[in-house]
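>>> give me the fold of what follows.
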Amino acid sequence: MEHESESTPNNHPQDESDLMTQRVPRAVNFRYDKNIFSVSNLLFLVVFLGIAGGLFYFLWAGHNKEMQPDEPATPALTPVPVVSVVSKTLFREDQLPGEIDAYQDVLIYPKVPGFVKWIGVDRGSVVKKGQVMVRMYAPEYLADRNEALAKVAATKAAVAVEESELEDLKAALKKSKADLLADQSTYQRVYTASLVPGVIADNDVVQWAQKVEADRQEVNTFIKRVNAKDHELSSRKEELQAKIRGFESFSDFASYLEIPAPFDGYVTERRMHVGSFVGPDGTGAYPPICRVKQLDLLRIVAPVPEIDTAGVVVGSPVAFTVSSFPGRRFIGTVARLSNSLDKDTRTMPVELNFLNPKYEILPGMFCKVLWPTRRPQASLFVPVSAVVSTPLNTFVCKVKDEQVQSVSVRKGQLMGDMVEVFGKLAEGDQVALDASEELLGQSRVQPVKPHAPSAAGAN
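A predicted model of the protein is given here:
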């Protein structure tokens, strides 16, 4: 009884440790209870473990459910903007550097060397075809012309002498033939009479026979002389014709001393003056007198790239611009093709004709030719971003049945933000707007229309 009264809480504490035990709450007092394996503590432990185990089970079940593979669930498709392959006729304008030249550009040289006696044009002069621009003086050629004229006259006199001698020979030949005929007739009568004995002596018959033979030889001699003289006269006449032709080269000498304008145009340069010595050599030994250009018709030379040469059509209009008239277009016409490409630039020079009646455009101006590039037949186009070029291949990403396929293509011409493609594509096929090699790794995709207006609808 004494022991129970000491352990009762109603009793006064006997020492300091009992006092602290009384001040601690009852829940804390449980931990310090020496009888820790009591029934109440075990029951509390079982309930606590049950609650903790249940909570852990629910957490574990929920975690395993989220980590399981989504095999039965439908995977989400990757959206891919697509555009349609369109069929268009290629037409665009490329800016090509052009050169403007005069339709005719001539350096004026004289036909014969001489001195400038008078010059009636200067830089900027307007000339008409046939207008005399320069007069010259050439004393050496005048002397040569007079000498040639004297030779022609001498040859004509020689021809006249030969013709007179030929006529004399022909007259002598005719007389010899007449004598031969007369002597032959006399010989025939003498011979007939000699057949009667005692009428004609035999010696007379022989003499007349010899005379006829001599006349025949004389006739033959004259015939040979006439033929020889005739041949000599023919040679003289040929010589005369040669000298006449030689003189004719001097007969137009007066016209050589006057230099006319070859066509209607402008004098753009003048290098010689009165008293200057000029010559026909255009290789640099003598400078030209002046330079004349035709400005009412111009040549516009444009270097057309090799890829565009198939679309060049003679007679088609082509626009060009010059810096002197900003914002204004001039129209030329395709007139001439070189039909040969420059090996360095891989371009073909093409010439345009431009009528320039007001002389607004001048030779030497730099111009930009707005060259129209076109094809006679339609071809397929896709946006530029739809084509991928790698060192090994050039392709587009074709989207069909939620699958991405690589289709090899060959790029052609550009038209705006579209590019011409050649390959196993058809009009209406769907291709990725922004193609890439990474897009080929997508298993399934969902084609969608682009948010912004794409190049597929642009020209």
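
>>> hey, let's count contacts and neighbours off CA atoms from now on
OK.

>>> domain ranges for this structure?
Domain ranges of the chain: 2-66, 80-88+377-457, 93-101+293-376, 104-138+257-292, 140-254, per automatic domain parsing.

>>> next one: the second one to chain centre, how far?
If I follow you right, that is domain 80-88+377-457. With CA atoms, centre = their mean, to the nearest Å as the basis, domain 80-88+377-457 stands 32 Å off its chain's centre.

>>> how far does stretch 289-308 sit from the chain's center?
13 Å.

>>> have a look at this protein and report its longest helix.
Taking DSSP state H as the criterion, the chain has its longest helix at helix 139-194.

>>> could you point out which element follows that one?
Following helix 139-194 in sequence order, the next helix or strand is helix 202-251 (DSSP states H and E).

>>> report all helices and strands that that next one contacts.
Where contact means 3 or more CA pairs under 8 Å, 6 or more residues apart in numbering; DSSP states H and E, helix 202-251 is packed against helix 139-194.

>>> can you give me the mean pLDDT across the helix it packs on?
On average, the pLDDT along helix 139-194 is 85.

>>> then stretch 106-124?
If you average the pLDDT over stretch 106-124, you get 91.

>>> distance between the ends of that stretch?
For stretch 106-124, the separation between the terminal residues is 15 Å (CA to CA, to the nearest Å).

>>> what residues does that stretch touch?
Residues outside stretch 106-124 that contact it (CA atoms under 8 Å, 6 or more residues apart in numbering): 132-139, 256-257, 259, 266-270, 273-282, 287-293.

>>> take these and keep only those in helices.
Judged by DSSP H, the subset of those located in helices is 139, 256.

>>> mind giving me the PyMOL command for buried ones among the contacts of stretch 106-124?
Those of the contacts of stretch 106-124 that count as buried under 16 or more other CA atoms under 10 Å are selected in PyMOL with:
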select buried, resi 132+133+134+135+136+137+138+256+257+259+266+267+268+269+270+273+277+278+279+280+287+288+289+290+291+292+293
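
>>> what's the longest helix of the chain packed up against?
Helix 139-194 packs on helix 202-251, going by 3+ CA pairs under 8 Å, 6+ apart.

>>> let me know the angle separating the helix it packs on from helix 139-194.
For helix 202-251 against helix 139-194, the angle by axes from the mean of the first three to the mean of the last three CA atoms, to 10 degrees is 160 degrees.

>>> quick revisit: the contacts of stretch 106-124 in strands, which ones?
In this view, the contacts of stretch 106-124 that belong to strands under DSSP state E are 132-137, 259, 266-270, 277-278, 290-293.

>>> where does pLDDT dip in the chain?
1-39, 61-76, 251, 282-284, 451-459 (pLDDT under 70).

>>> point to the residue nearest the middle of the protein.
Nearest to the mean C-alpha position of the chain, counting by CA atoms, centre = their mean, stands residue 348 at 1.3 Å.

>>> OK, contacts around that one?
Residue 348 sits next to 303, 304, 305, 306, 309, 337, 338, 339, 340, 341, 342 when contact means CA under 8 Å, 6+ apart.

>>> out of the residues you listed, who has the most neighbours?
residue 304 (23 neighbours; other CA atoms under 10 Å).

>>> next one: phi and psi at it?
Phi and psi for residue 304, reported as degrees, to the nearest 10, are phi -90, psi 130.

>>> same question, residue 257
The phi/psi pair for residue 257 (degrees, to the nearest 10) is phi -80, psi -10.

>>> next one: it from residue 376, what distance?
For residue 257, the distance to residue 376 equals 57 Å [CA to CA].

>>> same deal with residue 112?
Residue 112 is 55 Å from residue 376, where distance means CA to CA.

>>> now do the helices in the stretch 251-400 of the chain.
Ranges of helices within the stretch 251-400 of the chain are 253-256, based on DSSP state H, counting those that start in this stretch.

>>> shouldn't residue 54 be within a strand?
No. Read with DSSP: H, G, I helix; E, B strand; the rest coil, residue 54 is helix and lies in no strand.

>>> what's the neighbour count on it?
Counted with other CA under 10 Å, the neighbours of residue 54 add up to 12.

>>> again with residue 378
For residue 378, using other CA under 10 Å, the count is 12.

>>> and if you look at residue 144?
Residue 144: 13 surrounding residues under other CA under 10 Å.

>>> next one: the closest residue to it other than its chain neighbours from residue 118, what distance?
Nearest residue to residue 144 in three dimensions, chain neighbours excluded: residue 250, at 8.0 Å (CA to CA, 6 or more residues apart in numbering). Using CA to CA, residue 250 is found at 21 Å from residue 118.

>>> the two: which has the busier surroundings?
The residue with more neighbours, out of residue 250 and residue 118, is residue 250; 19 against 15, by other CA under 10 Å.

>>> how about the strands of the stretch 1-150 of the chain, start to end?
Assignment of strands within the stretch 1-150 of the chain using DSSP state E, counting those that start in this stretch yields the ranges 78-84, 86-102, 105-108, 114-119, 126-127, 132-137.

>>> would TSV of the ones you listed with distance to residue 172 be doable?
Converted to TSV, the strands of the stretch 1-150 of the chain look like this (distance: least, CA to CA, whole Å):
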stretch	distance to residue 172
strand 78-84	111
strand 86-102	73
strand 105-108	62
strand 114-119	55
strand 126-127	67
strand 132-137	54
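
>>> nearest to residue 150, out of those strands?
Proximity to residue 150 (CA to CA) singles out strand 132-137 among the strands of the stretch 1-150 of the chain, at 21.5 Å.
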